[in-house]
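In: Below are the sequence and a predicted model for it; my questions follow.
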Amino acid sequence: MDTQNNRTELLRKIKDEIIHGKDLPLYAERVQNKVFPVIGEGSHYAKIMFIGEAPGKNEAETGRPFCGASGRILDELLNSINIPRNDVYITNIVKDRPPMNRDPLPHEIESYSSYLDRQIEIIQPQVIATLGRFSMVYIINKFGLGSQLESISQMHGKILEAQINYGAVKIIPLYHPAVAVYNGNMKEDLKKDFETLRQFNH
């Protein structure tokens, strides 16, 4: 029976595995810097799941996803479509911060992605919103839509459909909120794309 406790327990198991995952490629970096892995947060029954790339400095220091400058923009975007942050689930593919905020490497994505796959299966979102190109490429390929893959500048805001083991899911690639930290003009593009999500939160 799928109770809240069951989902919570399954997600807790993932958290424990990551915390003790000494074989993970960024585990040593985490220990050396005395920071935390960032597992994910939000509703375990979220209709919308946001997937970023990897934690940044603020995230690793707190263990919370999207809590720095990018997080403030994400919060603002959610507010713009009247979706409380607590109603969605937010995570990354890579659960530990890469050194100096560099892009995650292919073997890091591969090592951490099985945890993300399990999070998706447990939460069973109706919509997966990818934030940035790494999560876009991973999710689109994972769900067999690789033939539709283009650059993020062409894909952002589009709605793709996939059939997965628990049913139909919509995949919506979005720019990473960090783009608006460095370029204020991008915020309007992000706001337009977030309007696409409004219809899925009823």
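Out: Everything's here; your move.
In: Describe which strands the longest strand along the chain pairs with in its sheet and in which direction.
Out: Secondary structure assigned by DSSP state E gives strand 167-174 as the longest strand of the chain. With DSSP bridges as the criterion, the sheet partners recorded for strand 167-174 are strand 127-131 (parallel), strand 160-164 (antiparallel).
In: Show me which positions of the helix or strand of the chain with the lowest mean pLDDT end up buried.
Out: Of the helices and strands making up the chain, the lowest-confidence element is helix 178-182, at a mean of 89, by mean pLDDT, DSSP states H and E. Along helix 178-182, these residues count as buried under the neighbour rule (16 or more other Cβ atoms under 10 Å): 178, 179, 180. All C-beta spots, glycine's among them, are computed from the backbone N, C-alpha and C.
In: Once you drop chain neighbours, what's closest to residue 135?
Out: residue 51 (4.4 Å; Cβ to Cβ, 6 or more residues apart in numbering).
In: Would you mind measuring from the one you found to residue 112?
Out: The span separating residue 51 from residue 112 equals 12 Å under the rule Cβ to Cβ, to the nearest Å.
In: Provide the count of other residues in contact range of residue 163.
Out: When neighbours are counted by other Cβ atoms under 10 Å, residue 163 registers 10.
In: residues contacting it?
Out: residue 169 (Cβ atoms under 8 Å, 6 or more residues apart in numbering).
In: show me where pLDDT drops low in the chain?
Out: Low-confidence segments of the chain (pLDDT under 70): 1-4, 202.
In: Check which helices and strands the helix or strand harbouring the residue nearest to residue 135 sits against.
Out: Assigned by DSSP states H and E, residue 51 falls within strand 48-52. Under the contact criterion of 3 or more Cβ pairs under 8 Å, 6 or more residues apart in numbering; DSSP states H and E, the helices and strands touching strand 48-52 comprise strand 89-92, helix 106-123, strand 127-131, helix 133-142.
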